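Novice: show me how the following folds:
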Amino acid sequence: MISTQTIKGSISELGAITKVELCVMDLGGEVVASTSELGFSDISIITSFAASPVDSQVIGDIHLFKVMDEGDPLYILLSKGDNEQAYMVGKIAVSQLQALVLAYKERFDRNNFFQNLLLDNMLMIDVYNRARKLKIEVTAPRTIILVETGRTKDNGARELLTSMFSPTSGDYVTAVDENSIIIVKSLGKNESYDDINQVATTIVDMMSTEALLNVRVAYGTIVEEIRDLSKSFKEAKMALEVGRIFNAECRANGYNTLGIGRLIYQLPESLCRMFIDEIFEDKEIPSNLDEETLNTIAKFFENNLNVSETSRQLFVHRNTLVYRIEKLEKSCGLDVRKFDDALTFKIALMVLNYMKYLKERE
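Specialist: Reported below is the predicted structural model:
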């Protein structure tokens, strides 16, 4: 429903320009918005007019008009003046308010449509019928971008995203819970995942500078049919969680870039525990290692197991790095200088992070 503030802003601007006093009342005679004390002490005049078949009426120097919504009266508008100008201004105000009601209704209907679509609350035939009714293309490349704000009912964040992604360009902003905002992003024929990742990164930067929010952003795969948007939404949700577990330092993650993290995320905890017990047995598990050792190994992996380059970047002697690696081998039983052991260690770290996530979620 259109807000009282919007109605007041609309008639106040028109009243200031034309110098005609305007008032909007509901069908029960209560004032919704007014530019003056204009109104009737006898509300039966308003209720009688609302129930009558006529669209306009004049009582003394006040013109009464009905603001309609799909053939039914929604508001009563009063325009004061016994001349032609008051009548014309009243008609203009009615036309303006009806256009606002229609715009807000379309926005609400589209918002409701996308919410039900993403949550799989619609039959397939209803998806296409409602999409056509709302003038939404059913066949077009799109993806779902999920923005986790971390704040409940953050209207500022949504308003900022709405200004960035307009329905006129085929984009829609909605939400299905209080902690995240969903963008149905329309794509051009030549746009790729690199372009989507750039958009996601831009959102992170904009939210940080404009709304002072440290958001996480994730996106699903590109779909061609509107019915598949729920699939992209589920993928974006998974990308958000997997990114939080395995790639916490990155604020924008795509489903197409999750790699092995996507596989580990879908493993049962019992299988993860069995894997860790099998690899380390009675030895020290990586999660118990000190921060210096973990950072050293992470840098070692970044440099493709190159000892010389890793020692250079860490500003330590080569022998110091070798000593740390050998110390790790003694405690964990894995020599990360060997590819197989390095791969096992890397996967074990990811599995341990996942198990930690599961424990914290309980």
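
Novice: so residue 76 sits against residue 64, correct?
Specialist: Yes: the pair residue 76 and residue 64 passes the contact test of Cβ atoms under 8 Å, sitting 6.2 Å apart. Just so you know, the C-beta spots here come from the backbone N, C-alpha and C atoms, and that holds for glycine as well.

Novice: what is in contact with the two at once?
Specialist: Counting by Cβ atoms under 8 Å, 6 or more residues apart in numbering, the common neighbours of residue 76 and residue 64 are 46, 49.

Novice: please enumerate the strands of the stretch 151-300 of the chain.
Specialist: Secondary structure of the stretch 151-300 of the chain, counting by DSSP state E, counting those that start in this stretch: strands at 172-174, 180-186, 216-219, 223-225, 252-254.

Novice: pull the residues that contact whatever helix or strand residue 63 lives in.
Specialist: According to DSSP states H and E, residue 63 maps onto strand 62-69. Strand 62-69 is contacted by residues 24, 38, 40, 46, 49-50, 55-58, 73-81, 86-87, 90-91, 93-94, 97-98, 101, 105 when judged by Cβ under 8 Å, 6+ apart.

Novice: go again using 6 Å as the cut-off
Specialist: Contacts with strand 62-69, where a contact means Cβ atoms under 6 Å, 6 or more residues apart in numbering, come from 49, 55-57, 73-75, 77-80, 86-87, 90, 94, 97-98, 101.

Novice: and the buried ones among these, selectable in ChimeraX?
Specialist: The buried residues among the contacts of strand 62-69 can be selected in ChimeraX (16 or more other Cβ atoms under 10 Å) with this line:
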select :49,73,74,75,77,78,79,80,86,87,90,94,97,98,101
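
Novice: and the contacts of strand 62-69, which of them are in helices?
Specialist: When DSSP state H is applied, the contacts of strand 62-69 are split such that 49, 86-87, 90, 94, 97-98, 101 fall in helices.

Novice: mind putting those into CSV with pLDDT?
Specialist: Putting these into CSV (pLDDT from 0 to 100) gives the following:
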residue, pLDDT
49, 90
86, 89
87, 91
90, 91
94, 92
97, 91
98, 89
101, 84
